[in-house]
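1. Predicted structure and sequence below. I'll ask about it afterward.
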Amino acid sequence: MHYKHTDKRVDQIARELGVNYVLEGSVRRVGSRIRISAQLIEGRTQRHVWADQYDREVRDVLTVQSEVVRAIAHALDEQFAHSRESPRTAVGHPLGNPESFHLYLRGRHEWNKRTAEGFQKAIEHFTAAIDGDPAYARAYAGLADTYAVMGSSGLMAIGDSHPRGRAAAMKALEIDDTLGEAHAALATILTDYYWDWTEAERHFRRAIELNPSYATARHWFSFYLGSMGRFDEGLAEARRARELDPLSPVIDANLGLAYFRARRYEDAVTHLRRTVAMNPQFGYAHLCLGLAYTQGVMVEQAVLELQIAKARSGVPNLDGLIGYAHARSGRRREAETILAKLQERTTTGVASHYEIALVHAALGDRDRAFKSLDQAIDKREWFVGMLRVDPLLDPLRSDPRYEGLLRRVGLSS
């Protein structure tokens, strides 16, 4: 047996990683079906402890994951039945008690849907997992991830979501400071709300160092790198994340978004059309494709894709993007109608000033666009982290006021 991209044998890898057992496997996809092969190998002897194969529909991938984990846990229980060694220390980070671990997996399944309902269910599952095992660091990391994405998507006020997420991530690290998932969660929260760019990169790199195969860390790090204008590095991390988790629609869509931020619009459209074709019910993929369409000849199609994204994700902060797309396609009246509604919603705190700025910019009203961007910075809105690179704001970059905005958030060139 050999490890991927190396000629080292399993016993060598086990010694280097300081583990007793290695899980080796593969995933193959044909159409809408996947075949997962997995086997558990004792590092020292290279003895096969357990092996199995699973043929399922792609939509059942999370169920298969649970099956594989339960089978491995059962195999390890048998191995340790006559040994003093603890399976918790043998396999690395604690999986928690069986019920908490099952709740954790259900939470991740709901979180990956990237919908309002899914996030609420994820919080319920992660909280229940913690109730069953208060020292379960992974569940705290899951909570941090959920709050982070809810705040960034407008489903929760970012002034509430990100402090809660930071507290959950810090609790996870207090329990286990070698948990890559917690470092990645903290890094994205530091990026999105606290604008602590240096500390965020340190935690991203620590997350990847601790768990090089954690696709979400690379996915979020690619977004961070793109926001810093380091497009080649960001694309490399986005591709690596996709290699690690080829079945994740959000990671696949993020690669298209990385092309978009790098202004490789044709590459973005080509890639995202495939993403949407493979996952037509996934709202975030339609969102990314809609963004890519706004910068090309299919700007009218952008409105449709963004409307589909809003309907399928339940994310409220897409109205500004829809208004922007209307303005780009010459539908000034429609754009102004949306703009008026967004202005009304600012009184209740549910509208994004950054979104309003995008519509003003597309309509050619620079003064109102800059005023709205100042307000977005005052409220520490999630979108502000993209000020340095957002293609939608390119018409404003020649204005001397733009450099002042970048200085306010620590992104000045």
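-> In hand now; what should we look at? Numbers count the residues shown, from 1 in each chain.
2. quick one: contacts for residue 182?
-> The neighbours of residue 182, taking C-beta atoms under 8 Å, 6 or more residues apart in numbering as the test, are 137, 140, 141, 144, 169, 172, 173, 176, 207. Any C-beta I mention is one placed from the backbone N, CA and C, and that applies to glycine too.
3. Report whether it is found in a helix, as I expect.
-> Yes: Residue 182: assigned to a helix according to DSSP: H, G, I helix; E, B strand; the rest coil.
4. And for it, nearest residue in space, chain neighbours not counted?
-> Nearest residue to residue 182, sequence neighbours excluded (C-beta to C-beta, 6 or more residues apart in numbering): residue 172, at 3.6 Å.
5. Need the max-distance pair from the contacts of residue 182.
-> Between any two of the contacts of residue 182, the greatest separation by C-beta to C-beta is 14.7 Å, found for 140 and 207.
6. Looking at the two, which is more packed in?
-> Between residue 140 and residue 207, counted using other C-beta atoms under 10 Å, the more crowded position is residue 140 (29 against 26).
7. now residue 209, what's its secondary structure?
-> Secondary structure for residue 209, judged by three-state DSSP, is helix.
8. Please report how far residue 129 lies from residue 100.
-> Computed as C-beta to C-beta, to the nearest Å, the residue 129 to residue 100 distance reads 4 Å.
9. immediately after the worst-scoring helix or strand of the chain on mean pLDDT, which helix or strand?
-> Using mean pLDDT, DSSP states H and E, helix 87-90 stands out as the lowest-scoring helix or strand of the chain, at a mean of 38. Downstream of helix 87-90, the first helix or strand assigned by DSSP states H and E is helix 98-111.
10. tell me the angle of the following helix or strand past that following helix relative to helix 98-111?
-> Counting by DSSP H and E, the next helix or strand C-terminal to helix 98-111 is helix 116-132. Orientation check (axes from the mean of the first three to the mean of the last three C-alpha atoms, to 10 degrees): helix 116-132 against helix 98-111 gives 160 degrees.
11. how about helix 116-132: buried residues?
-> Within helix 116-132, the residues that qualify as buried by neighbour count (16 or more other C-beta atoms under 10 Å) are 116, 118-119, 121-123, 125-130, 132.
12. Dump those into TSV; add distance to residue 366 as well.
-> What follows is the buried residues of helix 116-132, written out as TSV (distance: C-beta to C-beta, whole Å):
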residue	distance to residue 366
116	34
118	39
119	36
121	43
122	41
123	41
125	46
126	44
127	46
128	50
129	49
130	48
132	55
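13. any idea which of the residues you listed is least confident?
-> Lowest in pLDDT among the buried residues of helix 116-132 is residue 116, which has 88.
14. residues touching that residue, list them.
-> Residue 116 neighbours (C-beta under 8 Å, 6+ apart): 155, 313, 314, 315.
15. do you know how far the residue nearest to the first one when sequence neighbours are not counted is from residue 248?
-> Spatial nearest neighbour of residue 155, chain neighbours left out: residue 116 (5.3 Å); criterion: C-beta to C-beta, 6+ apart. Residue 116 sits at a distance of 20 Å from residue 248 (criterion: C-beta to C-beta).
16. for residue 113, same thing?
-> In terms of C-beta to C-beta, residue 113 sits 12 Å off from residue 248.
17. Let me know the secondary structure of residue 49.
-> State at residue 49, reduced to three classes by three-state DSSP: strand.
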